[in-house]
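give me coordinates for this.
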Amino acid sequence: MINLISYIAKSIVDDPEAVEVKSVEGESSTVIELRVAKNDIGKVIGKKGRTIAAIRTILNASRVQKDKRHVLEILE
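A predicted model of the protein is given here:
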């Protein structure tokens, strides 16, 4: 999952070197933290949040563990 989110984010942003993806495991959910350069946050979110919504849809469709929920957060 981390590799997938990292690949998608690096394809979208202007500064792919600044992309960091980290996973935090919980009992019932996994939080994936995406950190990009400050000027690339708008590109990851997209107009009206469409880009981040599409990334979250891909994440939920490709999850391996069906009993765990995956949450994608964008951090500054």
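
which residues touch the closest residue to residue 54 other than its chain neighbours?
Distance criterion CB to CB, 6 or more residues apart in numbering; nearest residue to residue 54, sequence neighbours excluded, is residue 46 at 7.8 Å. Backbone N, C-alpha and C define where each C-beta goes, glycine included. Residue 46 sits next to 52-54 when contact means CB atoms under 8 Å, 6 or more residues apart in numbering.

how near is residue 46 to residue 56?
11 Å (CB to CB, to the nearest Å).

could you do residue 29 as well?
13 Å.

overlap of the contact sets of these two?
In terms of CB under 8 Å, 6+ apart, residue 29 and residue 56 are not both contacted by any residue.

which of those two has more residues huddled nearby?
residue 56 (16 against 11; other CB atoms under 10 Å).

so how far is the helix or strand harbouring the more buried one off the chain centroid?
Element membership of residue 56 [criterion: DSSP states H and E] is helix 50-61. Relative to its parent chain, helix 50-61 has a centroid offset of 8 Å by CA atoms, centre = their mean, to the nearest Å.
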